[in-house]
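Visitor: Make a model of this:
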Amino acid sequence: MFDFVEIKANLTVSDAGEITGIAWPFGTADRVGDVIEPKAFAGARAPLAMLWSHDQSNVLGVWNEISASGAGLAVKGQLLVDSVEKAREVRALVKAGAVNGLSIGFQTKQAAPRKGGGRTISKLDLVEVSIVAVPSHPDARITSAKSANSKEIKVENEVIEGMETKSAEFIALEEKFTSLETKLEEFGVATKRLDKIEARLSRPGISGRLETKEDETEIQRKAFVDYARGGAFDTKALSIAGNGGYLVPPVLLNELQKNLILFSPIRNIARVTSISVPTVTLPKRTANLTGAWVAETGTRTESDPTYAQQSFTAYEYATYIDVSLELLEDSLFDLGQSLMQDIGQEFGRAEGAAFVAGNGTGKPTGFLNAPASGQIVAAAGNAIAPDDIIHLFHALPSFYAQQGVFMANRYTIGLIRAFKSSTGEYLWAPGSGENGLVPGNSSTLLGRPIIEVPDMPDSAPATIALAFGDMQQPYRIVDRISVNVLRDDFTQRATGQVRFHARRRVGGAVGKAEALCFLQTTA
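Guide: Next up, the predicted model:
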C-alpha cells in the first residue's frame, strides 16, 4: 500500500551548474509544525534525483553528495545545463533570486505527534530533493550562488523590522494562546472518556447505558458467553475446501521473486536529446563540396554540395495494470513501489530493444535496421574470426575509431574470448601485449571498449553479430515524455481493483551512418 510522499524542504548555483544548499534545517519546525530529527536521514544516500517542484517529468540533474551536518541536511549536486533546457532556466532563476528554495520528497517510516500540532519524524526514506520557489520549511532557502569567477552571492534569511523585541501586546497575545491550548487539552481528555463510553455501548447485543462497575463486568461476561455459543456473532470461513473443510490462509513472505530483465545500454552511449514537440527535423549534408587545382587564369569548376533533412519522431510505449485493492492493502511488502520498478524496467527493456532492431513503424528505428552497404564488412567465413575483427576495426575512419566501441551480445563475446593462438593460448587475456586482441585489458578489443548489448543477434551464418562505431555520432535518441505512471483509484472500483496507467514517449534513429560499421558473416 502506498504511503503518500510528503513535501518538506534549502540552495547554491554556478554558471557550470554546480549547486549546494540545506535541504532541511534541523531544530525548527516547518509551516505545518513538523520537525525532522537528524537521525531520520541516516539512510539517505547519493546519487539522488534533482527535480523541479517535485515533477518527475522535469529532471534537472543529480545530487552527488548528501550529509547531515549541524545546520541541517546538506546537499551538493550538478544541474545538467549542457543537455537539459529546463536546467538552464532554473539556473537563471536562482541567480536572479526568483527561486531560492529546496524541498524534499520522502516517505514517512516513523513519527510521533507534537504538542500543539505537527509531528516529530524520526525515520524516513528520502526519495528526491527538488528546487522550488516556496519551500515548506521557512528556513529552507538557497544559501549562495557561485558565478563563473567563483564570486559567491549570499541569500540570507530576512529579519522583519520591529520584530527584534516583543511588545506588551504581543506578550498578552501569547498568554491568550497558551490559555487556549490548556483548555483544548482538557477538552481532549474529556473527549477520549466519552469515546470509551460510546465504544462500550456499541458492543453487539448491548443496550442501555453503564451504571456501575458491576454492570460493566456482567455485560462483558454475557458478551463472552454469546461469543462462545456462536449465537450473537457472525462467523466466516477464510476459505472452504472441496470436501467441506476449512483451509488455513497461506503465509506470505516479505519478498517477491522476479524474472530477470536484460537492458540494452544504448541510451548510455548514444546521443540523447530532450524535445518539446512530437517531431524534430535536423539538416543533413548528403554530398561534400569539391574543388580542383587550376592555373592562374584557368577555368574554375562549380561546387554543388547537397543538403537534406532528417526527422526524429517520439513514439509512445504504453500499458496499464489492474491490481486488486485488497492485494495492495494486505501485501507485506510495498507492492505499489515494486510495481513502479517493474514498469521502469519493462520500459527500459522495450526501448533498448527498439534502439537496436526497431523497424521504425510506431517505434524507434534501430541501428541494425537495414544498414547501408558501405557500413558492412564481410567476414571471411560463416563464423567470426580474429582477422575479421581487425578488418572491422580498420574499416571505420580514424576520426570515429578513436572514440569507437564494439557491441555484441554475451554469446558472441564468449566466442571471441575463446579465440586461441596456434600454441593453444587464449588471445583475449590481460597483459597480452599490443599484438593481442586485448592489450592489457580484458574488457577491450584492439584497445577499444567492448559493450555487452543483449538485443544484438547471436553469431551465426549470414548474420550481423558485431558492430563498431562512435555511437555519439551515428545514433540519436529523442526524449519527449519520461516514464509517467498514473494511479487510477476510481474507474475499476466496482470490481475492487486499482488501475495503473504507464506511458513513455521516445524516438531514435541513425543520423550519421559513416560513424558505424558492422561485421556480417557469410551464409
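
Visitor: make it CA atoms for all contacts and neighbour counts henceforth
Guide: Will do.

Visitor: Okay, and residue 502 sits in which element?
Guide: Using DSSP states H and E, residue 502 falls within strand 497-510.

Visitor: Could you name the helices and strands sitting against the next helix or strand along the chain from that strand?
Guide: Downstream of strand 497-510, the next assigned helix or strand under DSSP H and E is strand 516-520. Judged by 3 or more Cα pairs under 8 Å, 6 or more residues apart in numbering; DSSP states H and E, the packing partners of strand 516-520 are strand 376-378, helix 386-395, strand 464-469.

Visitor: Swap in 10 Å and give it another go.
Guide: strand 376-378, helix 386-395, strand 405-408, strand 464-469 (3 or more Cα pairs under 10 Å, 6 or more residues apart in numbering; DSSP states H and E).

Visitor: So for residue 279, which of those sits nearest?
Guide: strand 464-469 (25.9 Å; Cα to Cα).

Visitor: Tell me which strands that closest one pairs with, and in which orientation.
Guide: Strand 464-469 pairs in its sheet with strand 405-408 (antiparallel), strand 516-520 (antiparallel), by DSSP bridges.

Visitor: Could I get the buried residue list for whatever helix or strand comes next after the shortest one?
Guide: The element immediately downstream of strand 405-408 (helix or strand, assigned by DSSP H and E) is helix 410-417. Using 16 or more other Cα atoms under 10 Å as the test for burial, helix 410-417 gives 410, 411, 412, 413, 416, 417.

Visitor: Which one of those is nearest to residue 26?
Guide: For the buried residues of helix 410-417, the residue nearest residue 26 by Cα to Cα is residue 410; the value is 50.1 Å.

Visitor: thought the closest one was touching residue 466?
Guide: No. At 11.1 Å, residue 410 does not count as touching residue 466 under the criterion of Cα atoms under 10 Å.

Visitor: Touching both of those two, which residues are there?
Guide: Counting by Cα atoms under 10 Å, 6 or more residues apart in numbering, the residues touching both residue 410 and residue 466 are 453, 456, 457, 458.

Visitor: Pull out the buried members of the residues you listed.
Guide: For these, buried by 16+ other Cα under 10 Å: 453, 456, 457, 458.

Visitor: To residue 483, which of the strands paired with strand 464-469 lies closest?
Guide: Checking these against residue 483 by Cα to Cα gives strand 405-408 as the closest, at 26.4 Å.

Visitor: Just checking the distance from that closest one to the centre of its chain.
Guide: For strand 405-408, the gap between its own C-alpha mean and the chain's C-alpha mean amounts to 26 Å (Cα atoms, centre = their mean, to the nearest Å).

Visitor: Same check on stretch 487-501?
Guide: The gap between where stretch 487-501 is centred and where its chain is centred comes out at 24 Å by Cα atoms, centre = their mean.

Visitor: Let me see the mean pLDDT of it.
Guide: Stretch 487-501 comes out with an average pLDDT of 91.

Visitor: Now do that stretch: distance from first to last residue.
Guide: End-to-end distance of stretch 487-501 (Cα to Cα, to the nearest Å): 6 Å.

Visitor: Counting neighbours, which bits of that stretch end up buried?
Guide: 497, 498, 499, 500, 501.

Visitor: Mind putting those residues into TSV with distance to residue 507?
Guide: TSV is the format used below for these (distance: Cα to Cα, whole Å):
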residue	distance to residue 507
497	33
498	30
499	27
500	23
501	20
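
Visitor: Kindly indicate which of those residues lies nearest residue 373.
Guide: residue 501 (42.3 Å).

Visitor: any idea how far the residue nearest to that closest one when sequence neighbours are not counted lies from residue 340?
Guide: Nearest residue to residue 501, sequence neighbours excluded (Cα to Cα, 6 or more residues apart in numbering): residue 320, at 4.3 Å. Plainly put, residue 320 is 12 Å away from residue 340 if you go by Cα to Cα.

Visitor: what do the two both touch?
Guide: Here residue 320 and residue 340 have 485, 500, 502 as joint contacts, going by Cα under 10 Å, 6+ apart.

Visitor: Next, count neighbours for the nearest residue to residue 476 once chain neighbours are set aside.
Guide: Once flanking residues are discounted, residue 476 sits nearest to residue 271: 4.9 Å by Cα to Cα, 6+ apart. Residue 271: 16 surrounding residues under other Cα atoms under 10 Å.

Visitor: Quick check, pLDDT for residue 271.
Guide: We have a pLDDT of 91 for residue 271.

Visitor: Phi and psi next, for it.
Guide: With angles defined as degrees, to the nearest 10, residue 271 sits at phi -90, psi 130.

Visitor: what sits against it?
Guide: Shown in contact with residue 271 (Cα under 10 Å, 6+ apart): 471, 472, 473, 474, 475, 476, 477, 478, 508.

Visitor: For the stretch 301-450 of the chain, which segments count as strands?
Guide: Counting by DSSP state E, counting those that start in this stretch, the segments of the stretch 301-450 of the chain that form strands are 306-313, 315-324, 376-378, 405-408, 444-445, 448-452.

Visitor: right, and the strands paired with strand 464-469 - which one's nearest residue 27?
Guide: strand 405-408 (52.0 Å).

Visitor: thinking again about what came up before, with mean neighbour count added, can I get the strands of the stretch 301-450 of the chain in TSV?
Guide: Below are those laid out as TSV (neighbours: other Cα atoms under 10 Å):
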stretch	mean neighbour count
strand 306-313	14
strand 315-324	15
strand 376-378	18
strand 405-408	24
strand 444-445	20
strand 448-452	19
